[in-house]
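[1] Mind looking at a prediction? Sequence and model below.
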Amino acid sequence: MKIIAYSYTNPLFETAPDRTTWGWEVDEIYQDLGDRQQLGQLLQDSHTQPVNYLLIRQLEELGDSVEEVCDRLTKLESLNIKIIPIKSDIKINQDQTTSTQATKTDLLKLLNQIRQNQHSRKIRQAHARNRIKAIPPPGKAPYGYRRGKDRYTLDRSAAPVVKDFFESFLLFGSLRGAVRHIEKKYGKKISVTTGRRWLTNPVYRGDLQYQNGEVISNTHLPIISREEAAQVERLLRRNRRMPPRTASAPHSLAGLVICTECESPMITARVTTFRKDKEYLYLRPKSCPRKRKCKALAYQKILEQTIEIICRELPVAVAALEMPNMDGIKSKIKQNISEKQEILSQLPNLITNGIFDQETAELRTYKLKTEIAQLERQLNQLPPVNLLETAKAVSIPEFWWDLSESERRFYLREFISKIEIIRQDTSWHLQVIFIF
């Protein structure tokens, strides 16, 4: 008994199956990529070497239309080969191809399934061709852009709104604050969820992201630069560590302080005098479970002690770190990008010399551009500054006191994971936990 397998793969959007896919002890495997030369070879070999079973993932792999599939099923039947479609919803035996023993209902279901699957493949193939040519995916253009002939173009009325939204987020590190800013300044109302999608959307960086998750870089004019995009991603990662809503809090210690006695986060409370001519700030436990509640503490004293600890301990903590050679890592990534860009520049000559046809060159260009985009993301995620030099700069007390509360909040969250209040009878002291 001889068992063979056949697979057809469209290289635009599929990958060829490996041998373990079949789950049988297969004597020979015929694989086609883009055309069906191996299918013709299979039919030719079967005339001289009889075959008992043919394994195939789905029947529509035998042709690009129902007519082609039926024609090849007839040829296989004439060779007494039993076909086993392992991924089809409708299982057939060989007699069903001639309809001598199959019911009309089964045949109609089979033909309908083939027609539907082939229609789906044609749609996926069309999307894949657009993807390879770096044409934007179907649908409405993101806010700030318009659809051009083959790429996004800037919407002159909406792009400044998006740009201002990103600048507000970069300045204050607050998503909700940026949402409120564009509503107040431009009357543009968006939800916080929409704002988060703006911040993470590759389109505003000049890139295209498709449904398969692959990204092609530098396909149209960006609204933000690569440096700004890297800073946005760093801020988003940092904000994920913080409690909800504290990113836009007006006070720099918001979301950082915890009482170790009751394990409750500390929130800022404002107290004013009778005529409201003075205001006092305190940090109190948000939900202290103890019968005798933990007392509130003066905000300013905690801030002063926090800055004192940072100036004293941060340089020591950074010096103790085993930092990788960032310059070497960046240099290696840049070299890889340069090598792939060099290959890209050689593709037109390969087409001219007849080594590559146009379709193969476009597919290779697409793969190279997605690899370059991945390398650029790795490069942008690396720390932009020397941590040791930064630690020396921020270890000067005057640096902190010259900042506004929003600016101080930004820098505190760059270095601090949490601030623990350790109470001892009537006194207390702080323990600052750095993020590294």
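    Sure thing, it's come through. Numbers count the residues shown, from 1 in each chain.
[2] what residue ranges in the chain are flagged as low confidence?
    Low-confidence segments of the chain (pLDDT under 70): 24, 88-106, 244-245, 247-248, 276, 323, 383-386.
[3] what's the most centrally placed residue in it sitting at in phi/psi?
    The centroid of the chain falls nearest to residue 213 when counting by Cα atoms, centre = their mean (6.8 Å). The phi/psi pair for residue 213 (degrees, to the nearest 10) reads phi 90, psi -10.
[4] how much space between it and residue 374?
    With the distance defined as Cβ to Cβ, to the nearest Å, residue 213 ends up 11 Å from residue 374. Just so you know, the C-beta spots here come from the backbone N, C-alpha and C atoms, and that holds for glycine as well.
[5] in the stretch 301-436 of the chain, which spans are helices?
    For the stretch 301-436 of the chain, the helices identified by DSSP state H, counting those that start in this stretch occupy 326-352, 358-381, 387-394, 397-401, 405-415, in order along the chain.
[6] Could you do the stretch 1-150 of the chain as well?
    The residue ranges that make up the helices of the stretch 1-150 of the chain, judged by DSSP H, counting those that start in this stretch, are 37-48, 66-78, 104-132.
[7] so what are the domain limits for this protein?
    Following automatic domain parsing, one gets these domains for the chain: 3-132, 136-240, 243-436.
[8] End to end on the second one, go ahead and measure it.
    According to Cα to Cα, to the nearest Å, domain 136-240 extends 30 Å from its N-terminal end residue to its C-terminal end residue.
[9] just the helices in the stretch 151-300 of the chain please.
    Assigned by DSSP H, counting those that start in this stretch, the stretch 151-300 of the chain shows helices spanning 159-172, 175-186, 192-200, 226-240, 299-319.
[10] Contact partners for residue 260?
    The neighbourhood of residue 260, defined by Cβ atoms under 8 Å, 6 or more residues apart in numbering, consists of 420, 421, 422, 423.
[11] Got the phi and psi for it?
    Given degrees, to the nearest 10, the pair of backbone angles that residue 260 has is phi -70, psi -20.
[12] can I get the helices of the stretch 1-150 of the chain in CSV with distance to residue 6 and mean neighbour count?
    Shown next, in CSV, are those (distance: least, Cβ to Cβ, whole Å; neighbours: other Cβ atoms under 10 Å):
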stretch, distance to residue 6, mean neighbour count
helix 37-48, 6, 14
helix 66-78, 10, 16
helix 104-132, 16, 15
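[13] could I get the ones you listed as JSON lines with distance to residue 267?
    What follows is the helices of the stretch 1-150 of the chain, written out as JSON lines (distance: least, Cβ to Cβ, whole Å):
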{"stretch": "helix 37-48", "distance to residue 267": "69"}
{"stretch": "helix 66-78", "distance to residue 267": "67"}
{"stretch": "helix 104-132", "distance to residue 267": "49"}
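[14] How many neighbouring residues does residue 232 have?
    Other residues within reach of residue 232 by the criterion other Cβ atoms under 10 Å amount to 21.
[15] For the residue lying closest to it once chain neighbours are set aside, give me its contacts.
    Counting by Cβ to Cβ, 6 or more residues apart in numbering, residue 199 is the residue found nearest to residue 232 once chain neighbours are left out, at 5.6 Å. Under the criterion of Cβ under 8 Å, 6+ apart, the contact partners of residue 199 comprise 166, 169, 175, 232, 236.
[16] The fourth one: what's it in contact with?
    Residues in contact with residue 232, defined by Cβ under 8 Å, 6+ apart, are 166, 169, 170, 199, 224.
[17] picking up where we left off before, of all the helices of the stretch 151-300 of the chain, which one comes closest to residue 347?
    helix 226-240 (24.4 Å; Cβ to Cβ).
[18] that older thread, if you compare the helices of the stretch 301-436 of the chain, which one is most tucked away?
    helix 405-415 (a mean of 19; mean count of other Cβ atoms under 10 Å).
[19] residues making contact with that helix?
    171-173, 238, 242, 249-254, 256, 306, 310, 314, 391, 394, 400, 403, 434-435.
[20] If any of those are buried, put those into a PyMOL selection.
    To isolate the buried subset of the contacts of helix 405-415 in PyMOL, counting by 16 or more other Cβ atoms under 10 Å, use the following:
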select buried, resi 172+173+242+249+251+252+253+254+256+306+310+314+391+394+400
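[21] Number of residues surrounding residue 179?
    24.
[22] How about it, nearest residue that isn't a chain neighbour?
    Residue 179's closest residue in space is residue 195 (Cβ to Cβ, 6+ apart), at 4.7 Å.
[23] just residue 143 next, same as before
    When the adjacent residues along the chain are set aside, residue 143 lies closest to residue 158, with 5.6 Å between them (Cβ to Cβ, 6+ apart).
[24] One more: residue 300?
    The spatial neighbour of residue 300 that comes closest, neighbours along the chain excluded (Cβ to Cβ, 6+ apart), is residue 281 at 6.7 Å.
[25] The one you found pairs with what?
    Beta bridges link residue 281 to residue 270, judged by DSSP bridges.
[26] From residue 147, how far off is the residue nearest to the centre of the chain?
    Distance, residue 213 to residue 147, using Cβ to Cβ: 22 Å.
[27] Name all residues that make contact with residue 125.
    10, 12, 13.
[28] If you could redo that for residue 179, that was the one I meant.
    By Cβ under 8 Å, 6+ apart, the contact set of residue 179 is 165, 190, 191, 192, 195.
[29] hmm, 6 Å instead?
    190, 192, 195 (Cβ atoms under 6 Å, 6 or more residues apart in numbering).
[30] Just give me the neighbour total for the last one.
    Translated: residue 195. Counted with other Cβ under 10 Å, the burial measure for residue 195 works out to 19 neighbours.
[31] start at 600 instead
    Done: numbering now begins at 600, and the last item shifts to residue 794.
[32] how much space between it and residue 740?
    According to Cβ to Cβ, residue 794 stands 18 Å off from residue 740.
[33] Just the closest of the contacts of residue 724 to residue 899, please.
    Each of the contacts of residue 724 was checked against residue 899 using Cβ to Cβ; the closest is residue 612, at 61.0 Å.
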